[in-house]
Each structure stands twice: as structure tokens, then as C-alpha cells.
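Enquirer: fold the following and give me the result.
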Amino acid sequence: MPSYAAGDEPERPEDDPKERSDAGSPESEPREPRAKRQPKKKQRSFWKELPILIVVALVLAFLIQQFLARVYMIPSGSMEETLHGCPGCTPDRILVDKITYDFTDPSPGDVVVFRGPPAWIEGEVPTQQSGNAVARFFQSIGSVFGLAPPDERDFVKRIIATGGQTVECCDAQNRVMVDNQPLDEPYIHWVGEHRQDEFGPVTVPEGHVWVMGDNRNNSMDSRYQGKTPDDGAVPVDNIIGKARLIVLPPSRWGVVSDHNPQQGTPAQAASMPNAPAWQDGLPLGVGVVAAWPTVRLGRRLGAAVSGTVRQGR
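Expert: Down below sits the predicted model:
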């Protein structure tokens with residue numbers, strides 16, 4: 001009879017003694033080939049990511065201030081006490097909202113930053129710039145973040161009247177009048193005599209605004225610009241934005257008053273709705289908040305791209 005002894009039959013690969021001995025062990029389960037296993041990438045430490053976060057926050061803040069809001073430094077005392085810019089004090093830095101007037105028209109009482117019309121800057125000495133290119137670069141960056149005066153001739157004043165209205169000074173109580181109605185101006189800061197120079201009547205051209213400083217006797221505003229009364233009016237197109245907040249120094253934090261002087265009594269003014277809260281915010285704060293998720297998203301995209309490249313090899 002044919003012999004069926006184990007020694008008479010050639011060994012099959014599946015009957016390998018080593019494989020049989022491992023068949024019942026937990027380690028016998030299929031393993032991923034070593035070539036496909038990738039070591040886990042070690043995440044960068046917080047201190048290594050901190051410089052990236054700072055750079056991203058600054059870039060976002062720069063973009064926000066260029067298109068949505070910007071911080072300006074108050075260079076003079078023409079808006080005291082509302083805004084500090086007095087010699088010897090720390091100038092206020094204000095947040096200027098650049099998008100409000102894309103949806104609404106400038107209103108009486110708004111404190112605005114605007115580019116000076118030709119009549120305002122005629123004969124003005126341009127801001128002195130350093131001859132060093134590096135110094136000029138840092139000066140321009142500093143002006144964007146409110147750390148240095150802006151290069152251009154920008155002004156900050158309060159709107160008193162708008163296009164089509166007639167403004168003049170003064171009534172028997174030395175109050176400015178618009179369309180023969182006296183203004184309620186609790187923000188006026190008096191230095192010396194509580195009287196203001198007479199002017200007008202002046203009808204503000206359409207598409208323009210009439211602006212004056214809160215430091216009424218120490219402000220070169222619409223009353224004194226140009227050779228004719230109309231020269232002092234500011235084109236609406238020259239308005240950069242509305243001053244919303246005092247952001248620096250910390251002791252001066254607060255909302256910039258936009259009390260409408262044409263509303264009459266303070267009680268009437270209090271009944272008017274305030275500006276939407278969403279318009280108040282700090283661009284740098286938004287930049288800091290958005291920096292971390294932006295870096296994380298960039299890291300994930302980088303990992304995804306890296307994984308795709310490895311699979312394609």
C-alpha cells in the first residue's frame with residue numbers, strides 16, 4: 001500500500017512549522033507592510049509656533065485696517081476734550097470705521113477722519129520723511145497701526161451740517177445755528193472766553209459736509225479754510241471713516257461720542273437709536289483671534305498635500 005507517512009509527502013508552504021506555531025497566537029493577524037507604515041509627525045511646540053501666530057495676526061490686522069478699519073493717532077488738540085492730542089500728553093489712538101459710509105450717509109455729530117481738500121492743505125508743509133529707506137518703511141508701517149503720524153494730510157473733526165443745510169454763528173446765546181435752529185453742543189471745550197467767532201450764513205454744497213472742532217476756539221476747521229466760505233466744506237468722497245473707539249492709551253478707552261447737535265435737547269438725543277454694536281471692534285483683536293485657526297488650517301492643508309505627494313510616488 002502506498003505510504004502516507006509525513007516523511008513521504010513534500011512540505012507545502014502553508015504547512016510551514018513556524019506558520020503553524022503562530023496560527024493560534026494574537027500576533028498571527030495580518031500586519032501592515034513595513035513600507036507603508038509612516039512615523040507620526042511630531043507637532044511643533046507652542047514656542048515654535050508663536051512667531052508664526054504673531055506674523056499671521058499682524059498680516060490680518062494690516063489687511064483689516066486697510067479695508068475695514070484703521071487706527072489713527074490724534075496729532076493736535078483741536079478735538080479736546082473728546083480726543084486728546086495736546087502737547088505734552090499721550091495722543092489718543094482712535095479706531096476709524098471705514099465701511100459705515102458704504103451703507104449710510106455721514107450725519108451731524110459724527111466724528112470723522114478725512115483727507116484734506118486742496119483749500120485745507122494749500123501752503124501746508126508736507127510731513128518730513130527720513131532719507132533712509134528702512135526708516136521710511138517703518139514709518140509707513142507705524143502710521144498704519146497708529147504708532148506714527150500718517151504721511152498724508154488727514155484731519156479729524158465733527159460734522160456740524162450736511163449738504164443743502166445753512167450754517168451760521170451765532171444766536172443771542174452764542175450758539176451755532178443750522179437752518180435757523182440753535183445746536184445742542186455739550187462736547188464743546190472752551191479755552192479762555194466762552195465765545196466763538198461769528199461767520200456765515202453759509203449753505204453747504206450738496207455732496208459736502210461742514211466740520212468744526214470740539215475745541216471750538218483752537219481749531220482750524222471749515223470756518224477758516226480757503227478764500228471763500230464754500231472752500232471750507234469737505235467733500236463726502238474725502239471722508240475716510242467714522243471714529244468709533246479710543247483704543248490707546250488704556251486709561252482713555254471708550255466710545256467716541258457722536259451726539260447729534262441738531263436733535264435739540266439731550267433728552268431727545270437719548271431717545272435716538274445708537275449705532276449697531278457689530279460695528280465696534282478692534283482690528284488687531286480680530287487678527288489675533290483669527291491667527292490660530294488660520295495656522296491650524298494651513299498646517300492641515302500642508303499635511304494633506306504632503307500625504308498626496310507620498311501616495312503619488
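
Enquirer: export stretch 222-230 as CSV, just CAs?
Expert: C-alpha atoms of stretch 222-230 as CSV (Å, rounded to 0.1, in the frame of the first residue of the first chain):
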residue,chain,number,x,y,z
SER,A,222,-14.4,124.8,7.9
ARG,A,223,-14.7,128.3,9.2
TYR,A,224,-11.2,129.3,8.3
GLN,A,225,-10.2,127.2,5.2
GLY,A,226,-9.8,128.7,1.7
LYS,A,227,-10.6,132.1,0.4
THR,A,228,-14.4,131.8,0.2
PRO,A,229,-16.9,130.3,2.7
ASP,A,230,-17.6,127.4,0.4
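
Enquirer: so for the one helix or strand V247 maps to, mean pLDDT?
Expert: Under the criterion of DSSP states H and E, V247 resides in strand 239-248. For strand 239-248, mean pLDDT is 93.

Enquirer: now do stretch 210-219
Expert: Stretch 210-219 comes out at a mean pLDDT of 94.

Enquirer: one more: stretch 99-109?
Expert: 93.

Enquirer: separation between E185 and V191?
Expert: 15 Å (Cβ to Cβ, to the nearest Å). Bear in mind the C-beta positions are built from the backbone N, C-alpha and C, glycine included.

Enquirer: now swap in N217 and tell me
Expert: N217 is 6 Å from V191, by Cβ to Cβ.

Enquirer: can you list the low-confidence ranges for the stretch 1-150 of the chain?
Expert: Low-confidence segments of the stretch 1-150 of the chain (pLDDT under 70): 1-44, 65-66, 123-150.

Enquirer: span of stretch 192-207 from start to end?
Expert: 35 Å (Cα to Cα, to the nearest Å).

Enquirer: show residues contacting that stretch.
Expert: Outside of stretch 192-207, the residues within contact range by Cβ atoms under 8 Å, 6 or more residues apart in numbering are 161-170, 174, 176, 210, 216-217, 223, 229-230, 232-233, 235-237.

Enquirer: before we move on, the earlier item: so which other helices or strands are in contact with the strand holding V247?
Expert: strand 69-73, strand 93-97, strand 111-115, strand 254-255 (3 or more Cβ pairs under 8 Å, 6 or more residues apart in numbering; DSSP states H and E).

Enquirer: angle of it against strand 93-97?
Expert: Angle of strand 239-248 versus strand 93-97, following axes from the mean of the first three to the mean of the last three Cα atoms, to 10 degrees, is 140 degrees.

Enquirer: report the strands that pair with strand 239-248, each with its relative direction.
Expert: strand 93-97 (antiparallel), strand 111-115 (antiparallel), strand 254-255 (antiparallel) (DSSP bridges).

Enquirer: need these in CSV (columns: mean neighbour count and distance to K242).
Expert: What follows is the strands paired with strand 239-248, written out as CSV (neighbours: other Cβ atoms under 10 Å; distance: least, Cβ to Cβ, whole Å):
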stretch, mean neighbour count, distance to K242
strand 93-97, 23, 5
strand 111-115, 22, 6
strand 254-255, 12, 11
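
Enquirer: how about those in TSV, adding distance to P87?
Expert: Listed next are the strands paired with strand 239-248 as TSV, based on distance: least, Cβ to Cβ, whole Å:
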stretch	distance to P87
strand 93-97	17
strand 111-115	21
strand 254-255	22
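
Enquirer: could you dump the strand holding V247 to CSV, C-alpha only?
Expert: Taking Å, rounded to 0.1, in the frame of the first residue of the first chain, the C-alpha atoms of strand 239-248 are listed here in CSV:
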residue,chain,number,x,y,z
ILE,A,239,-14.2,111.1,4.3
ILE,A,240,-12.1,108.1,5.2
GLY,A,241,-14.3,106.8,8.0
LYS,A,242,-16.1,107.4,11.3
ALA,A,243,-14.2,107.5,14.6
ARG,A,244,-15.6,104.8,16.8
LEU,A,245,-13.4,104.0,19.7
ILE,A,246,-10.4,105.3,21.6
VAL,A,247,-8.1,102.2,21.8
LEU,A,248,-5.0,103.8,23.4
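
Enquirer: which parts of it are buried?
Expert: I239, I240, G241, K242, A243, R244, L245, I246, V247, L248 (16 or more other Cβ atoms under 10 Å).

Enquirer: run through the bridge partners of the first one.
Expert: It stands for I239. F114.

Enquirer: ok, it - contacts?
Expert: I239 touches Y101, P106, V112, V113, F114, V209, counting by Cβ under 8 Å, 6+ apart.
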